[in-house]
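> Following is a predicted model, sequence given first.
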Amino acid sequence: MRAIVVEETGGPEVLRPAEAPDPVPGPGQVVVDLAARGVNFIEIYQRSGVYPVPTPWIPGSEGAGVVSAVGEGVSGVTVGSRVASVAFRGSYAERAVVDADNLVPVPDGVSTDQAAAVLLQGLTAHYLTHSTYPVQSGDTVLVHAAAGGTGQLITQLAKMRGARVIGTVSTEAKERQAREAGADEIVRYTEFDVVEEVRRLTDGEGVPVVYDGVGAATFDASLACLRPRGVLVLFGQSSGVVPPFDPQRLNAAGSVYLTRPSLGHYTRTREELLERSSDVLGLVSTGGLAVHVGGHYPLAEAHRAHTDLASRATTGKLLLV
């Protein structure tokens, strides 16, 4: 099969098309013929060596397609079923293997592209707004990178829960995207001081929660935007890793909380995975949750997708097709 095989860590140029053996399902596993694959920052971290991965390897964990082979002991999944997962073993390929327990069905009314584009970021937005900090009606929340794929979904889900959303963006075009997702207020961090604007928009109080997937570039401002006993939810690091810091800063900021969650800890059981994915994909199928695909790239041009995602010039989700 065709695949992207990484032989050594480095820049986008190490994402090279190659031939790879067809996957064979073991006990409890299935093989999926993938039609679309999500591109995520974690693959950039892995490719560059920030998150070490043994080489050679095929990147990618997110995708959607049709089941083509079923291993021993698998029930509830049949050849021909439309499925999606965030736990494929190398989704930058024509076919990939996955444990059956990590698959979710794609319902009617949700396209394969939509499923591949929304699953990882949608599950992330769901646990962030429903569990890590359960947004309450009347909350004012701050969402960094509000025009990005995850930012738009956090904004939509927070609005559904009755929040007022302040989003940060860099350009006029991204402001339009964030407002279309439902952001009530926008701060263009290229033109205005984020802390000053958030304090102004909250009458000096600050916000109860900041959803920060940017990391190093926004961390200090995020802390400064919190009200006393607020929660900084640091769920990504697209601008780089946050350096070590003195925990006393949390006291000085108002006895605030810092958490660094990850999806795996919020989908520990199949029941929780199915509950969250059913909520997310159900909303997509009814039109309640809009999925914005920011670009389609041929599988062989994965390097270009990584370059564009890392530039932070894109909006929405990037797919390899």
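Alright, I've got the coordinates.

> for the residue nearest the centre of the chain, what are its contacts?
Against the mean C-alpha coordinate of the chain, by CA atoms, centre = their mean, the closest residue is Q121 at 3.1 Å. Q121 sits next to 38, 40, 149-150, 153, 317 when contact means CB atoms under 8 Å, 6 or more residues apart in numbering. Placement of C-beta: from N, CA and C, glycine included.

> ditto for L201
140, 166, 185.

> Roughly how far does it sit from A84?
37 Å (CB to CB, to the nearest Å).

> Please narrow the contacts of L201 to those residing in helices.
Within the contacts of L201, no residue falls in helices by DSSP state H.

> Closest one of these to G10?
I166 (37.5 Å; CB to CB).

> neighbours around that closest one, how many?
When neighbours are counted by other CB atoms under 10 Å, I166 registers 26.

> same check, this time on P21
7.

> Contacts only, for T9.
47-49, 52, 55.

> hang on, the earlier thing: what helix or strand does the residue nearest to the centre of the chain sit in?
For Q121, the host element (DSSP states H and E) is helix 112-127.

> Put the alpha carbons of that helix into PDB.
The C-alpha coordinates for helix 112-127 follow below in PDB (Å, rounded to 0.1, in the frame of the first residue of the first chain):
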ATOM      1  CA  THR A 112     -16.400  10.500   5.900                       C
ATOM      2  CA  ASP A 113     -14.600  13.800   5.600                       C
ATOM      3  CA  GLN A 114     -16.600  15.300   8.500                       C
ATOM      4  CA  ALA A 115     -15.900  12.200  10.600                       C
ATOM      5  CA  ALA A 116     -12.200  12.400  10.000                       C
ATOM      6  CA  ALA A 117     -12.100  16.100  10.500                       C
ATOM      7  CA  VAL A 118     -14.100  16.300  13.800                       C
ATOM      8  CA  LEU A 119     -13.400  13.200  15.800                       C
ATOM      9  CA  LEU A 120     -10.100  14.000  17.600                       C
ATOM     10  CA  GLN A 121     -10.800  17.800  18.000                       C
ATOM     11  CA  GLY A 122     -14.500  17.200  18.700                       C
ATOM     12  CA  LEU A 123     -13.800  14.700  21.400                       C
ATOM     13  CA  THR A 124     -11.200  17.100  22.800                       C
ATOM     14  CA  ALA A 125     -13.600  20.100  22.800                       C
ATOM     15  CA  HIS A 126     -16.200  17.900  24.400                       C
ATOM     16  CA  TYR A 127     -14.200  16.700  27.400                       C
END
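
> Please parse this protein into its domains.
2-119+268-320, 136-259 (automatic domain parsing).
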